[in-house]
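*Asks:* next come a sequence and a model predicted from it.
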Amino acid sequence: MDFSSLNLCQPLQDALDEIGYVSPTPIQAQAIPDLIEGRDMLGCAQTGTGKTAAFALPILNAMAKYPQDGPRRIRTLVMCPTRELAAQIHDNIEQYARYLDIRSMAMFGGVSQRPQERNLRRGVDILVATPGRLLDLISQRYVDLSHVRFLVLDEADRMLDMGFIRDIRKILAQIPKKRQSLLFSATIPRSIVDLSNDMLHNPVSVSITPESTTVEAIKQSLMFVMRSDKRDLLTYLIQEESPEKVLVFCRTKHGCNRVSRQLGQDGIDALPIHGNKSQGARENALRRFRNGTLQVLVATDVASRGIDVSDISHVINLDLPNEPEVYVHRIGRTGRAGRGGITIAFCDENEGEYLRGIEKMIRQDIPVDESHPFHSEKARSRKGNKAPKKHQNRGRGRRYPRHHKSNGKRSNVKSNQQTNGGRNGRRRNRSRKQNKHRNNKSPRRGKRTS
């Protein structure tokens, strides 16, 4: 099958020929004919299988077939969980619609909303947005969704994991009931089924690969290592194998910063990308990673579904995820669209439980590599053991007054009057003055005072 057999309009065919699309991927071949007929859809496919074209091409085809008269209004809304994914979908739509009179824009937080306001005033046909910023601009009355005819939720399971379900339901209430709705997800947990029942009408289901299975073209390996040796093992692998593009996953934002800084000290060019980074820093890191001037990108899971770089050679899980499904999304950053790739997972003495959950979900044992100099039998022996409980952050300790003494030494902790900008102290002084004033009031006439 080729794209010419999918009954797409000629401007789309010309754009696809120019981009270099020849044969549709399995999800595109199965989804596009039903979507052209106007059916709602629940799609399950791994990341990197071509989902964006699967929903964008039939929507663009319908919009081109029935152009809108008058000013531009939002006719298509695409919601996704992260800024990177929103920008990626917007870029792909612009490529497909290069010969169509259709205007699209990406909307997400972390940047000034003024450019987005200007684009909305000019008129937009397709809006690709993250739920938080979209709901914010709806409340400010910059966004009108009353003309939406096509609704897409991409990576819906990730949006629910990130706590966007309330925002999504508020946004759905702003959209006409008469619409074509599409929901795409890498996994179909119960929460996704419940959401699909609310927003889809008699949908057709498309599932390309079994739920939560790994891409067969990816070569996986597992390395047991003590936690204290992970940084040295990472440096060793990068220096020994000299991969072109390495995506390293850490569990925390602080860990990303620390690992990228340590790799820089070892002479390896690396940059972090996570939710606390500004949009400019994130775009700069992704741009350098795409054009090959950055060898290592260190990321949290915010990037596990938002990075579309076709030639990532290695994905390294420095920290195993505590949710098995996340492992599949991480390693899916390599092996894009059926290409090969290499993934390496580090497992330390505290991650045996996470490893057991991952191998149970993917229904296979990850091959163990013992050839590296940091192999640890101690870490291997704890495979399946429960992860240690983390110490709960109990908040800030009690603040003692300035005169408090501990172990015979004067405490250096500032008083509440100093730490709270003097407000508590002023309140106490004011109340004392009021009490003193009450006590010094002159007595009633006719009574003697002692």
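*Replies:* That came in fine, so what should we check first?

*Asks:* nearest the geometric middle of this protein, what residue?
*Replies:* The residue lying closest to the centre of the chain (CA atoms, centre = their mean) is Val302, at 3.3 Å.

*Asks:* nearest residue to that one in space, please, no chain neighbours.
*Replies:* Spatial nearest neighbour of Val302, excluding adjacent residues (CB to CB, 6 or more residues apart in numbering): Gly275 at 5.1 Å. Any C-beta I mention is one placed from the backbone N, CA and C, and that applies to glycine too.

*Asks:* quick one: pLDDT of the closest residue to Ala29 other than its chain neighbours?
*Replies:* Leaving out its chain neighbours, the residue that sits closest to Ala29 by CB to CB, 6+ apart is Met1, at 5.5 Å. On pLDDT, Met1 comes in at 71.

*Asks:* make 45 the first number, not 1, from now on.
*Replies:* Okay, using 45 as the starting number, the last item reads as Met45.

*Asks:* pull the number of nearby residues for Met45.
*Replies:* Met45 sits with 10 neighbouring residues when counted by other CB atoms under 10 Å.

*Asks:* do the same with Ser322
*Replies:* 10.

*Asks:* what about it, distance to Glu128?
*Replies:* As judged by CB to CB, to the nearest Å, Ser322 and Glu128 stand 13 Å apart.

*Asks:* and for Met270?
*Replies:* 33 Å.

*Asks:* do I have it right that Leu56 meets Leu104?
*Replies:* Yes - using CB atoms under 8 Å, Leu56 is in contact with Leu104, at 6.1 Å.

*Asks:* ok, back up a step: ok, the residue nearest to the centre of the chain touching Asn320?
*Replies:* No - Val346 is beyond contact range of Asn320, at 9.7 Å (criterion: CB under 8 Å).

*Asks:* strands along the stretch 95-244 of the chain, start to end?
*Replies:* Ranges of strands in the stretch 95-244 of the chain, per DSSP state E, counting those that start in this stretch, are 120-123, 148-151, 170-173, 194-197, 224-229.

*Asks:* same for the first one, what does it pack against?
*Replies:* I take that to be strand 120-123. Counting by 3 or more CB pairs under 8 Å, 6 or more residues apart in numbering; DSSP states H and E, the packing neighbours recorded for strand 120-123 are helix 95-109, strand 170-173, strand 194-197, helix 209-216.

*Asks:* Val250: which of the ones you listed is closest?
*Replies:* helix 95-109 (8.3 Å; CB to CB).

*Asks:* identify the residues contacting the residue nearest to the centre of the chain.
*Replies:* Applying CB atoms under 8 Å, 6 or more residues apart in numbering to Val346 gives the contacts Thr126, Glu128, Ile317, His318, Gly319.

*Asks:* please apply the same query to Ile360.
*Replies:* With CB under 8 Å, 6+ apart, Ile360 has these contacts: Leu278, Leu281, Val290, Leu291, Val292, Phe293, Thr387, Ile388, Ala389, Phe390.

*Asks:* these into CSV, with extra columns for secondary structure, neighbour count and pLDDT?
*Replies:* Formatted as CSV, the contacts of Ile360 follow (DSSP: H, G, I helix; E, B strand; the rest coil; neighbours: other CB atoms under 10 Å; pLDDT from 0 to 100):
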residue, secondary structure, neighbour count, pLDDT
Leu278, helix, 26, 96
Leu281, helix, 20, 95
Val290, strand, 27, 94
Leu291, strand, 27, 94
Val292, strand, 25, 95
Phe293, strand, 30, 95
Thr387, strand, 26, 93
Ile388, strand, 24, 96
Ala389, strand, 27, 96
Phe390, strand, 25, 97
